[in-house]
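**Student:** Build the 3D model from these lines:
(4 chains)
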4 protein chains.
Amino acid sequence: MYLPNDIREEEPNESEYANRPIKTLFLLHGYTGDAENWVPWYLADKYNFAVVIPNGENSFWLDGISTGHAFCKFVGEELLGYVQRVFGLAKTKEDTYIMGLSMGGFGALHTALYYPDKFCHATALSPALVVHEVANMKDGVGNEIANYEYFRECFGDPAKVLESDNNPETLIKKIKAEGKECPKIYMAIGTEDFLLENNREFHNFLESEGIEHTYVEDKGQHDMEFWNRYVLKFVPMMFG
Amino acid sequence: MYLPNDIREEEPNESEYANRPIKTLFLLHGYTGDAENWVPWYLADKYNFAVVIPNGENSFWLDGISTGHAFCKFVGEELLGYVQRVFGLAKTKEDTYIMGLSMGGFGALHTALYYPDKFCHATALSPALVVHEVANMKDGVGNEIANYEYFRECFGDPAKVLESDNNPETLIKKIKAEGKECPKIYMAIGTEDFLLENNREFHNFLESEGIEHTYVEDKGQHDMEFWNRYVLKFVPMMFG
Amino acid sequence: MYLPNDIREEEPNESEYANRPIKTLFLLHGYTGDAENWVPWYLADKYNFAVVIPNGENSFWLDGISTGHAFCKFVGEELLGYVQRVFGLAKTKEDTYIMGLSMGGFGALHTALYYPDKFCHATALSPALVVHEVANMKDGVGNEIANYEYFRECFGDPAKVLESDNNPETLIKKIKAEGKECPKIYMAIGTEDFLLENNREFHNFLESEGIEHTYVEDKGQHDMEFWNRYVLKFVPMMFG
Amino acid sequence: MYLPNDIREEEPNESEYANRPIKTLFLLHGYTGDAENWVPWYLADKYNFAVVIPNGENSFWLDGISTGHAFCKFVGEELLGYVQRVFGLAKTKEDTYIMGLSMGGFGALHTALYYPDKFCHATALSPALVVHEVANMKDGVGNEIANYEYFRECFGDPAKVLESDNNPETLIKKIKAEGKECPKIYMAIGTEDFLLENNREFHNFLESEGIEHTYVEDKGQHDMEFWNRYVLKFVPMMFG
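**Tutor:** Numbers count the residues shown, from 1 in each chain, chains lettered A, B, ... in the order given. I've put the predicted structure just below:
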């Protein structure tokens, strides 16, 4: 967790950002990643937001089928509640943001869409929007990333995943059906990224559903150089 | 990871422990635990051993069935190899120890018995020796700790677990059949611990197989007070 | 910083300790030490107190003469204020404790006595009560621990230290003169400790001033074994 | 400390950087800073270098006059020796680099010039080259940053600082007099930085002494935005 230092009385920070309540960003790591801050802290200081950095194992930030793998509930309920109670942060939807990269980009979209009353904004860098690929898996056959058991553990029965709440598209339709306000969405994907097609499809889906969002394709790969570049672009857009 | 400070030239440590190669202890946490040192560092300084503290999620330190859950191989091969290459530690079996509590006590026994050529010693505090309980699980029915999917993920098909390498008893028999040297075993269990019966059974199994080991039952529960007490007792026995 | 986990709604902690406001313990390290937790976290969970662990360099936790060395003000004003504002902890004197070992034992006594309106309790393990030794130093002549410049930096001009606020005895007299309530004091010192005489003298001073306190001499040296033993004894007395 | 992961056998890293010995970068923080990594780890992975990140308090990374403030010796002897012995890193001058920002930029220059046989390269971002300012201080009169005692503690008697080893210019002259090879020097300073004049003077000094170096003035202030920009520029120049 990163907390911006509070303002010294003798040296008040005159900026407009310093004189509003602290906002909170939940930051989700990627596959084989770990809780680690990849948002430069000087931006958190400048724009006055706290960063909460959970460890989500390789869960796709979903509620897996085994006990102890409820990572969607962990972020959206247990951890958010803890941060609210212990730090007095993220008390309103307007102050609560989520961002992730790769598997965590999927997680940021999914978590915000699952809890549209709690998150005002989801930023997804190169999100691993693989639900349709999972849905097509045959029993016992995985892909080059992981085996079938892994995807079943994270997403539940592949045959039922498209209709399930583990599919962000399902959640978008629910939000519309219930007349709720959809969290703001930012997405960026590199044109050399193996996830490019998946991202285009989700972008098209959002368009077809009339969901306003920011979608950027830019030169780059599935690596920290691309993500650092887009953290520097999106953070001022999110918190400025 | 905890490394004892090296000896200052101008102030040589006269103790016998300081003047032998640094030994290495792998330390395994319990269910719902995390990598955290529960060995007082002054003991590591006194007896001159390094502590390596992995995060094993809730895996029972086994190679689970999903990609990315190979925690037995992680500890006994990847992490051990890394520690050998990068730190020059744990280069021989004689210098390589493992200890754990609860789920990690099971993991310490299992890992050392799975790699009897790599570990000279396993210390198990209140080990969760639940293999027989897992073997009796009916499809879809878990217990009060976790659901069936969880145990299937960690131990594989419950119907086959007793014969599998996930059962420490199977590993003991293999070691004997292959004429290998069994790692030294220390166990301690509280008389108020819900795992007491499981521990007695494994103790009896070791006796019936003629495996020398240290087994202690003592007043206490399944908690840090008991474990702290036995860390203080066992560490000098292991490294003194 | 260590925060006891908050209570899960579905599993209320029935103990009397869990159902009172969280208390806060400031924990001060010794000479050549660093911010590191030497209070077993299971005790913090059991008695429901947070632990705040600053780094005080080798400052004797005093306001040294150089810019940037104001460690007494740092703990008693800046850090305490931060903890109050950001965590909502240590809001009253009754909830605010301080403990230290060796140089930090001196610091715990000094800080609490300097801010008797803010701290209700100071626990000093083997405190380095060296003010009289410092007062006798000749210009340019240090001792076996550090040179004259070091003591001048920490304590100010040695010739004036006894009358200064860097002398806990001066602070005791001030507290009495101002009719304030003195924080509760616990002290423990090993009978093999090189600081034994200094501790006896301060104990006698407290007696002669009529300040109630707990003072224990016990077999032991100036080492973690002694301090661990007395943490286990004093923490239940402080928070039980 | 950041260590690039070693190469998996089954997936050799084909890059030229991966197939040479790991290089080591000592990274020095600024005034009021702390040990914290400000080099993106993906660069350390790409170019295969370890990062060692000491805490130097507010010492200007010099050997101050008080016991326990020998931060130049700490970095160049104790810490470097520890890293050599425990990690087998930084065993030759060619593999040993140092970089710092602000006060740490001064420290990087000073440490490398003090130990020209140990460091092959010093990179100084906005270095606080304040020796001439210190030399002009009158007894008891500091500046807006710190008091006289502070500068005396760090630099020794201001009246003697220019001739002392705390002055990088003195060290440059010594290196030349002894016919040693001067470490490579990179410097960058923002045109809005209050240290611009000091940097120009040192740059001119290096030119006048015929010391080859890279010196860049660029738009920017004394802040992380400038330093992040120049880390991204200099790291590939240093390790590429």
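**Student:** From here on, just use CA atoms for contacts and neighbour counts.
**Tutor:** Will do.
**Student:** how long is stretch A:22-33 end to end?
**Tutor:** 27 Å (Cα to Cα, to the nearest Å).
**Student:** pLDDT on it, on average?
**Tutor:** For stretch A:22-33, mean pLDDT is 95.
**Student:** Around chain B, pick out the residues from chain A.
**Tutor:** A:57, A:58, A:65, A:66, A:67, A:68, A:146, A:147, A:148, A:149, A:150, A:153 (Cα under 8 Å from any Cα of the partner chain).
**Student:** Can you flag the buried ones in the residues you listed?
**Tutor:** A:57, A:58, A:65, A:66, A:67, A:68, A:147, A:148, A:149, A:150, A:153 (16 or more other Cα atoms under 10 Å in any protein chain shown).
**Student:** for residue A:137, phi and psi?
**Tutor:** phi -70, psi 140 (degrees, to the nearest 10).
**Student:** quick revisit: need the buried ones among the residues of chain A next to chain B in JSON lines (columns: secondary structure).
**Tutor:** Formatted as JSON lines, those follow (DSSP: H, G, I helix; E, B strand; the rest coil):
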{"residue": "A:57", "secondary structure": "coil"}
{"residue": "A:58", "secondary structure": "coil"}
{"residue": "A:65", "secondary structure": "coil"}
{"residue": "A:66", "secondary structure": "coil"}
{"residue": "A:67", "secondary structure": "coil"}
{"residue": "A:68", "secondary structure": "coil"}
{"residue": "A:147", "secondary structure": "coil"}
{"residue": "A:148", "secondary structure": "helix"}
{"residue": "A:149", "secondary structure": "helix"}
{"residue": "A:150", "secondary structure": "helix"}
{"residue": "A:153", "secondary structure": "helix"}
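**Student:** Now do the nearest residue in space to residue A:35 that is not next to it in sequence against residue A:105, distance only.
**Tutor:** Excluding its sequence neighbours, the residue lying closest to residue A:35 (Cα to Cα, 6 or more residues apart in numbering or on different chains) is residue A:55, at 4.7 Å. From residue A:55 across to residue A:105, the span is 14 Å (Cα to Cα).
**Student:** so where's chain A uncertain?
**Tutor:** A:6-14 (pLDDT under 70).
**Student:** interface residues of it facing chain C?
**Tutor:** Counting by Cα under 8 Å from any Cα, chain A sits next to chain C at A:6, A:82, A:86, A:87, A:88.
**Student:** tell me the contacts of the residue in chain A that chain C sits nearest to?
**Tutor:** Here the residue of chain A nearest chain C is residue A:87; by Cα to the nearest Cα that distance is 5.4 Å. Going by Cα atoms under 8 Å, 6 or more residues apart in numbering or on different chains, residue A:87 touches C:86, C:87, C:88.
**Student:** Tell me the one among those residues nearest to chain B.
**Tutor:** residue C:87 (23.6 Å).
**Student:** And the closest one, how far from residue A:197?
**Tutor:** 45 Å.
**Student:** sorry, back to before: among the residues of chain A next to chain C, give me the pair with the biggest separation.
**Tutor:** A:6 and A:82 (20.5 Å; Cα to Cα).
**Student:** for chain D, what are the nearby residues on chain A?
**Tutor:** A:42, A:224.
**Student:** Closest to the centroid, which residue in chain A?
**Tutor:** Centroid-nearest residue in chain A: residue A:108, 1.3 Å away (criterion: Cα atoms, centre = their mean).
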